[in-house]
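Chemist: this one's structure only:
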């Protein structure tokens, strides 16, 4: 397992061993997840557990997890992801656990706004 928890890393670090099976970046500063996050400089297709919980992720590219075909657990909870492309999880055929929980729910609009009175 490689732990990059509580770091100031804004992306998955370069130079991780290609044989890594578990990567945790809990409470770091990751902003986005892209295809190159897991393909540069090595293809990290042996990752089984990936924890990206409690970062500042706003963007996850549609092909971000494309090479992670062995991934079983993906934790993206407590980020700032507003939307996801429908193909983002398409290659994750081994996925068993997916956590997308949002901790802070936005305030609902006032009832007047819903009724069109504002």
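Modeler: That came through, no problem. Model, not experiment: these values are computed from the prediction.
Chemist: Give me the phi and psi angles of residue 38.
Modeler: Residue 38 adopts backbone torsions of phi -120, psi 10, taken as degrees, to the nearest 10.
Chemist: That one and residue 65 touch, don't they?
Modeler: Yes. Here residue 38 reaches residue 65: they are 7.3 Å apart, a contact under Cβ atoms under 8 Å. Placement of C-beta: from N, CA and C, glycine included.
Chemist: For this structure, which segments are assigned as strands?
Modeler: For the chain, the strands defined by DSSP state E occupy 2-3, 22-24, 32-33, 49-51, 59-60, 73-75, 97-99.
Chemist: Walk me through which strands the fourth one pairs with, and which way each runs.
Modeler: Using DSSP bridges, strand 49-51 pairs in its sheet with strand 22-24 (parallel), strand 73-75 (parallel).
Chemist: what does the third one give?
Modeler: Partner strands for strand 32-33, per DSSP bridges, with pairing direction: strand 59-60 (parallel).
Chemist: for the record, mean pLDDT for the partner strand?
Modeler: Averaging pLDDT along strand 59-60 gives 95.
Chemist: low-confidence ranges in this structure?
Modeler: By pLDDT under 70, the low-scoring segments of the chain are 103-118.
Chemist: most centrally placed residue in the protein?
Modeler: Among the residues of the chain, the one closest to the centroid is residue 76, at 4.3 Å (Cα atoms, centre = their mean).
Chemist: Residue 58 is in contact with that one, correct?
Modeler: No. Counting by Cβ under 8 Å, residue 76 stays clear of residue 58, with 11.6 Å between them.
Chemist: got the contact list for the closest residue to residue 65 other than its chain neighbours?
Modeler: Nearest residue to residue 65, sequence neighbours excluded (Cβ to Cβ, 6 or more residues apart in numbering): residue 92, at 5.8 Å. The neighbours of residue 92, taking Cβ atoms under 8 Å, 6 or more residues apart in numbering as the test, are 65, 68, 69, 71, 74.
Chemist: returning to what we had before: which of the strands paired with strand 49-51 sits most buried?
Modeler: strand 73-75 (a mean of 19; mean count of other Cβ atoms under 10 Å).
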